[in-house]
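K.L.:
The sequence and its predicted three-dimensional model are supplied below.
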Amino acid sequence: MSMLVVTRADGAVVVGPEHAMGALANGGTPPVTLAVAGGVLVWAWADDDLDPDTTLAQAPTAMLDDVAAAQDWVWALYGPGVAEVLDTPDGQTVTWDPGQDWLPQCAARFAFGTWLSAWWPASTTDGIPALDPQVLRAEMEPLAARLDLLFAGDEPPLPSATDVPWPVASGYALAAGPGDVIGPAPVGVTVSTGVCGTRWSDLPAGWVDASDRAVSWRLLQDLGHWFFQVRAAAGPTTVTDDARLVADTPGRRVELHPDRDSFGRCWIGEAVGTTSDPPPVHVRVHLPGFAAQAGFAGVAADDGAERWQASVRALARARLDAAGIASTPGPAVTGPWRAERTARTDDY
Amino acid sequence: MSRTPRAQAIDAAWRRLGPGLEPLSAPDGGPLSRTVKLLVVPLVLRPSAHPWLAATVLDDAHVAMVDALVADHGDQLRAAAAWFVVLVDQLAAWPKGQVSRDSCYPRAFELAVCHGAPDPGTAAALAHETLAEVAEARGQWTPAALREVLADPDLRATLSERLAVGWASGNADNRRAVQTTRVAPGPEDDPLANHPTPAPQPQAPTHALGDPRAGTGLDQCTSFLDTFVADGQLVGARLRTAEQAWTAVVACEVGWVTGWGLREDTWPTTLPAPARARRLGLTDAEAPPRPALDRAGADEARCPWDRSIGERVAAIVTHSADRTALPGIVELLTDEVDRACAPWEVASEAGRAMLVLGTVLVTGLVCAEATVTQAHQVVLAMRRRESWLAWAQRQPAPTAADDGLIALADEASDPVAPYLRRLWVRVHGAETRGTLPVGAAEVQNVLVGVFRSVLLDGRSRVRAALTRLQGDLR
């Protein structure tokens, strides 16, 4: 069994493999996490080449801000030695020796399920089918019951399984043309069009198609006015009529509402104005108030999103391939989920 | 000598009891968290009687004690597991929320102790009766029920008078009396006998701004908040420094002075502004209102200082672990009137000191000019971790400052009101139970623990806001 280091930093007690200590940074691929009584467990990816087998086999790093609450499960996940060190003032190195052998695996499997439900890159454009949240949830529920200890009897953090009808078409819709670009201009001269993706951490899971070609816009000009039209392909999550997103580009903001056009479910909106800002080079579609790092500089803030999002897409494709191959069960922690086996490119 | 975590000792002892415990066990055979928290610890280990079993890590002798206690209660625990099933079945007979599932754990044990294993012929009826008692005990202390007690015109008149006089004076003369009122109930015919009549003339400072104690008091607060330890534990010399600083905060009566200032709206300008009772979330009114004896309407007021005396007493009784130890209803009401009249509407200077410390801590988070102490560093780090977790789990950020389309109250990014509301309720509850923190470490734990609770509330709230927009099957 590997070694664990117990340290104190920033008002929290950190327990974990020594090499994982620096991995809790912002940016890069979001790690696998699990909120538990007294803190949070983190399985950090080693690099952009996402390898669940290695990542989830290691001991998670725990950040504890309520050690007393965590003591109910620390012995079972990390071992009595860690529980004892937590009871003393000084940090130490201890062997990873779980009091309940099955617990680390079960916790890692459950946490991986929550990670997949948050970051699965469902996209009709990319041909990555959505995971049915109800199927995933059903498979996670028995795991949650076994993890009662970690959650101190409180509600486990299961992914929500939503099922509301997508709002019906409003009749107001942009005619979308071939490719990703919005079709013929109703009025005026098209001065700029473009296609881009989103930064996933700007948006709730599944609200917008995860492709890096999900968003298209067009800027028209006529008689001193400009019209700015934006369309974002919708993801698999259904939302209520009053859900709104915004598309930002310097000097212009468009509110997007859920709609349906000839290409399927989408978010759509347009704005009119008279400023003479330059045409957009990038549009940021986001849910204001959602992302912690608010602030807009005209381009997506560089958290390496494009790169790590590509890694997650690659992981999803590999997992779908593996899930489709055979009925042989995969590794206990990282093997295919039923939701991955049954995933289909539905017409969401 | 080896040491074992208490949770592990309980788990091992539980498994040794063998089959028959499934309803109270997790799928792998260990006890459910709720079973440990609500049944095994309070009713079998009873740390109140065996204080050494309150520790999270135990030495061998005490592990053996846990073993013995659990083994000795084996038959009762198996019977309790059977009763638990019967109780949960019966639970369906009550409207949702009236009887909690949590109350089934101790009640199952109680039935097991009194009746042994459930008898199929009588079990359902007994369980029903038990839950009826639980429901009735709850009902007895609703604000409506208290209104009936308060319907007695003589009692009303006495309490109203006491409230009027006490409020005007900040209950200056009475404060020591309130702090020490845990005496035997008075003679039946004169429930107010133990309470000195409040002095009619105001004694409290009327201009807290001009009170020299305000300035030094706030320095004391900052000193204490600087004794928090971000990296490591509060031990040795650091602990001694913290104890001294805490003693100084209480001794300088900054609680009294600032509490009076809040009521008079003369909050010391040396505190991070704006610190008015309304801004602190303690009242919805412009200035703290004199509490009513009772209040129409079924819902508890949102802000603690808008709650009536009756509501406050109802909270004391509802959260009491042992009602038989409480004084009579009239004494509770009288105590509460005196408490409500005091600055910060709590009776002890230690309680007031904690509220001032909490105010300095939490307003410092939203005020650029505030002195950043070690305590601020600790809670800011906690908030950073919470934001980080929201990002990692693709959930709405609890601290996002933006024109949020996600319908969040200001509370999501401004912790002041939720923090002070929770802290006041915590201090008030601890005071009435006689469990106010005594040492600096405990005070620090409460100040940080309340912030943690506020963050967790925020987590549920932002998730609920998102779920609303997505609809939800559950």
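P.N.:
Happy to help now that I have it.

K.L.:
how far does stretch B:252-264 sit from the chain's center?
P.N.:
22 Å (Cα atoms, centre = their mean, to the nearest Å).

K.L.:
my bad, stretch B:57-64
P.N.:
In this view, stretch B:57-64 has its centroid 30 Å away from the chain centroid, taken as Cα atoms, centre = their mean.

K.L.:
now stretch A:75-82
P.N.:
Between the centre of stretch A:75-82 and the centre of its chain there are 31 Å (Cα atoms, centre = their mean).

K.L.:
Report the rounded mean pLDDT for it.
P.N.:
For stretch A:75-82, mean pLDDT rounds to 94.

K.L.:
okay but residue B:420 is in contact with residue B:360, surely?
P.N.:
No - between residue B:420 and residue B:360 there is no contact under Cβ atoms under 8 Å: 11.1 Å. Quick note: C-beta positions are derived from backbone N, CA and C, even for glycine.

K.L.:
Now for residue 126: which residues touch it?
P.N.:
Unless you meant another one, I'm taking chain A. Going by Cβ atoms under 8 Å, 6 or more residues apart in numbering or on different chains, residue A:126 touches A:209, A:210, A:211, A:313.

K.L.:
Chain B was what I was after
P.N.:
Neighbouring residues of residue B:126 by Cβ under 8 Å, 6+ apart: B:111, B:115, B:118.

K.L.:
ok, now with 10 Å
P.N.:
Contact analysis of residue B:126 by Cβ atoms under 10 Å, 6 or more residues apart in numbering or on different chains lists B:83, B:86, B:87, B:90, B:111, B:114, B:115, B:118, B:119.

K.L.:
residue boundaries of the strands in chain A?
P.N.:
Listed from the start of the chain, chain A has strands (DSSP state E) covering A:3-9, A:12-16, A:32-36, A:39-43, A:61-64, A:92-95, A:189-196, A:215-222, A:225-233, A:245-249, A:252-261, A:264-273, A:284-286.

K.L.:
Reformat those as CSV; add mean neighbour count, mean pLDDT and distance to residue B:100.
P.N.:
Shown next, in CSV, are the strands of chain A (neighbours: other Cβ atoms under 10 Å in any protein chain shown; pLDDT from 0 to 100; distance: least, Cβ to Cβ, whole Å):
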stretch, mean neighbour count, mean pLDDT, distance to residue B:100
strand A:3-9, 18, 88, 37
strand A:12-16, 24, 90, 32
strand A:32-36, 25, 96, 23
strand A:39-43, 24, 95, 26
strand A:61-64, 24, 94, 28
strand A:92-95, 14, 88, 39
strand A:189-196, 16, 88, 51
strand A:215-222, 21, 89, 48
strand A:225-233, 23, 90, 44
strand A:245-249, 23, 91, 40
strand A:252-261, 20, 89, 39
strand A:264-273, 20, 89, 42
strand A:284-286, 24, 91, 40
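
K.L.:
Would you reformat these as a markdown table and include distance to residue B:41?
P.N.:
Below are those laid out as a markdown table (distance: least, Cβ to Cβ, whole Å):
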| stretch | distance to residue B:41 |
| --- | --- |
| strand A:3-9 | 25 |
| strand A:12-16 | 23 |
| strand A:32-36 | 19 |
| strand A:39-43 | 21 |
| strand A:61-64 | 21 |
| strand A:92-95 | 26 |
| strand A:189-196 | 56 |
| strand A:215-222 | 54 |
| strand A:225-233 | 52 |
| strand A:245-249 | 48 |
| strand A:252-261 | 50 |
| strand A:264-273 | 51 |
| strand A:284-286 | 47 |
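
K.L.:
Next, format those as JSON lines and append distance to chain B.
P.N.:
Below are those laid out as JSON lines (distance: least, Cβ to the nearest Cβ, whole Å):
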{"stretch": "strand A:3-9", "distance to chain B": "5"}
{"stretch": "strand A:12-16", "distance to chain B": "7"}
{"stretch": "strand A:32-36", "distance to chain B": "5"}
{"stretch": "strand A:39-43", "distance to chain B": "6"}
{"stretch": "strand A:61-64", "distance to chain B": "6"}
{"stretch": "strand A:92-95", "distance to chain B": "13"}
{"stretch": "strand A:189-196", "distance to chain B": "20"}
{"stretch": "strand A:215-222", "distance to chain B": "17"}
{"stretch": "strand A:225-233", "distance to chain B": "14"}
{"stretch": "strand A:245-249", "distance to chain B": "7"}
{"stretch": "strand A:252-261", "distance to chain B": "8"}
{"stretch": "strand A:264-273", "distance to chain B": "12"}
{"stretch": "strand A:284-286", "distance to chain B": "9"}
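
K.L.:
For residue A:121, which of these is the nearest?
P.N.:
Comparison of the strands of chain A against residue A:121 by Cβ to Cβ identifies strand A:225-233 as nearest, at 12.7 Å.

K.L.:
now the helices for the stretch 251-400 of chain B?
P.N.:
Listed in chain order, the helices found in the stretch 251-400 of chain B under DSSP state H, counting those that start in this stretch are B:254-264, B:309-318, B:329-341, B:349-366, B:374-392.

K.L.:
List the buried residues of the shortest one.
P.N.:
Just to be clear, that refers to helix B:309-318. For helix B:309-318, a neighbour-count test (16 or more other Cβ atoms under 10 Å in any protein chain shown) marks B:309, B:310, B:311, B:312, B:313, B:314, B:315, B:316, B:317 as buried.

K.L.:
middle-most residue in the chain, spatially?
P.N.:
Went with chain A since none was named. Residue closest to the average C-alpha location in chain A (Cα atoms, centre = their mean): residue A:119, at 2.9 Å.

K.L.:
think we crossed wires, I meant chain B
P.N.:
Among the residues of chain B, the one closest to the centroid is residue B:426, at 3.3 Å (Cα atoms, centre = their mean).

K.L.:
In terms of helices and strands, where is it?
P.N.:
Assigned by DSSP states H and E, residue B:426 belongs to helix B:416-433.

K.L.:
Need the CA coordinates for stretch A:306-321. CSV is fine.
P.N.:
Output of stretch A:306-321 as CSV, limited to C-alpha atoms (Å, rounded to 0.1, in the frame of the first residue of the first chain):
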residue,chain,number,x,y,z
GLU,A,306,-9.7,23.9,-25.5
ARG,A,307,-7.0,21.4,-24.8
TRP,A,308,-8.5,19.7,-21.8
GLN,A,309,-11.9,19.6,-23.3
ALA,A,310,-10.4,17.8,-26.3
SER,A,311,-8.9,15.3,-23.8
VAL,A,312,-12.3,14.7,-22.3
ARG,A,313,-13.8,14.2,-25.7
ALA,A,314,-11.1,11.6,-26.5
LEU,A,315,-11.8,9.9,-23.2
ALA,A,316,-15.5,9.7,-23.9
ARG,A,317,-15.0,8.3,-27.4
ALA,A,318,-12.6,5.7,-26.1
ARG,A,319,-15.1,4.7,-23.4
LEU,A,320,-18.0,4.4,-25.8
ASP,A,321,-15.8,2.2,-28.0
